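S.K.: Dropping a prediction and its sequence here:
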Amino acid sequence: MDTLRFAVLALCAGTVAAAGLPPGDCLQPAAGQDLSACDFSGRDLSGRDLTGAHLDNVRFTGARLNGTRLNKATAKWANFRGAQLKDAQLEGADLFHAIFDDADLRGANFQHANLFGANLIAANAQRANFSNAFLKDLLMPEADLRGAILRDCNAFRAVLTNAQLNGADLSGSNLTGADGESADFSSAILKGTRLAGASLRAAIFRDADLSDADFSHATVTQGDFSGAINLPQTVTDLLIAPHLGVFAR
């Protein structure tokens, strides 16, 4: 019920915001315009400034938005499937339930963005910055997040199964209840990261920094913590039980 109420409020808020923007030109889109009637599938919008634009439900399937500025844009339920957004700027954007499946997000900036319920399935988000983003119920299975920055994020119940997070920085983030089965956190930084109740079966934490990380009630069966730094006592207690996982220093 709370999720439904949130969705209704988000829709109403978006309608009010769009009413105050001038109608945009789909052929020459610009910042601060209402572009919700456009379909940008396959278009090349690289380098354009769409700051503050209204893009709810807009299709960007297969579009090129490399270096495009979408800061503070509202793009709820927008479809970026297979789009290129290398080095795109989406700081503070509202991407509620947006779709980025198979998209190229390398180096993109999602700081302070709202990605509640968004899909980034099999997306390439190497070196992307999600610091302080709202990632609750985010779907990122099979995503490539190597070297990404996810500091101080709310990623409650995020799905990261089989994701690559090698060298990523997740310091201070809340991944309570997340599903990270078979995810690779090798050499990642998880200082103060909350993983309470997370499902981390067969996850890899080789050489990761786990200083003050919270693994309470997490499932770490068959996890690999070889060479992990500052391994919490909670994890040690779980892994020394027979048949529960791999534990090597």
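M.R.: Okay, I see it.

S.K.: When you work out contacts or count neighbours from here on, use the C-alpha atoms and nothing else.
M.R.: Noted.

S.K.: I'd say D169 and F185 touch.
M.R.: No: using CA atoms under 8 Å, D169 is not in contact with F185; the gap is 9.6 Å.

S.K.: Please give me every residue in contact with the nearest residue to R48 once chain neighbours are set aside.
M.R.: For R48, ignoring the flanking residues on the chain, the nearest one in space by CA to CA, 6 or more residues apart in numbering is T68 at 5.0 Å. The contact partners of T68, taken as CA atoms under 8 Å, 6 or more residues apart in numbering, are 45-50, 85, 87-89.

S.K.: Would you mind checking these for buried ones?
M.R.: 45-46, 48-50, 85, 87-89 (16 or more other CA atoms under 10 Å).

S.K.: Now render those residues as TSV, adding secondary structure.
M.R.: Below are those laid out as TSV (DSSP: H, G, I helix; E, B strand; the rest coil):
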residue	secondary structure
L45	coil
S46	coil
R48	coil
D49	strand
L50	coil
L85	coil
D87	coil
A88	coil
Q89	strand
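
S.K.: for the residues you listed, which one is nearest N230?
M.R.: D87 (33.7 Å; CA to CA).

S.K.: what about the closest one, distance to N129?
M.R.: Distance from D87 to N129, counting by CA to CA, to the nearest Å: 10 Å.

S.K.: What of K76?
M.R.: 20 Å.

S.K.: can the contacts of T68 go into TSV with extra columns for distance to A113 and pLDDT?
M.R.: Putting the contacts of T68 into TSV (distance: CA to CA, whole Å; pLDDT from 0 to 100) gives the following:
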residue	distance to A113	pLDDT
L45	20	98
S46	20	98
G47	20	98
R48	19	98
D49	17	98
L50	15	98
L85	15	98
D87	15	98
A88	13	98
Q89	10	98
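
S.K.: closest to N124 among those?
M.R.: Minimum distance to N124 across the contacts of T68 is 9.9 Å, recorded for L85 (CA to CA).

S.K.: and L190, how many residues sit next to it?
M.R.: A total of 26 residues lie near L190 under the criterion other CA atoms under 10 Å.

S.K.: Repeat that for N79.
M.R.: N79 has 26 nearby residues by other CA under 10 Å.

S.K.: thinking it is in contact with N57, fair?
M.R.: Yes: counting by CA under 8 Å, N79 touches N57, with 6.9 Å between them.

S.K.: what is in contact with D87 and N129 at once?
M.R.: Shared contacts of D87 and N129, counting by CA under 8 Å, 6+ apart, come down to 107-109.

S.K.: Just put those residues in a markdown table and tack on pLDDT.
M.R.: Output for the shared contacts of D87 and N129, formatted as a markdown table (pLDDT from 0 to 100):
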| residue | pLDDT |
| --- | --- |
| G107 | 98 |
| A108 | 98 |
| N109 | 98 |
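
S.K.: where does this protein have low pLDDT?
M.R.: 1-19, 240-249 (pLDDT under 70).

S.K.: Please, where are all the strands along this structure?
M.R.: With DSSP state E, there are no strands along the chain.

S.K.: what ranges do the helices span in it?
M.R.: Taking DSSP state H as the test, the helices found in the chain are 2-19, 233-239.

S.K.: Relative to A78, how far out is the residue nearest the centre of the chain?
M.R.: The structure's the chain has its C-alpha centroid closest to L135; by CA atoms, centre = their mean the separation is 5.7 Å. To A78, L135 is 16 Å away according to CA to CA.

S.K.: try D104
M.R.: Note on D104: its distance to A78, by CA to CA, is 16 Å.

S.K.: what's around D237, how many residues?
M.R.: For D237, the neighbour count with other CA under 10 Å is 9.

S.K.: my bad, L27
M.R.: By other CA under 10 Å, the residues close to L27 number 10.

S.K.: Please apply the same query to Q28.
M.R.: If you count neighbours by other CA under 10 Å, Q28 ends up with 8.
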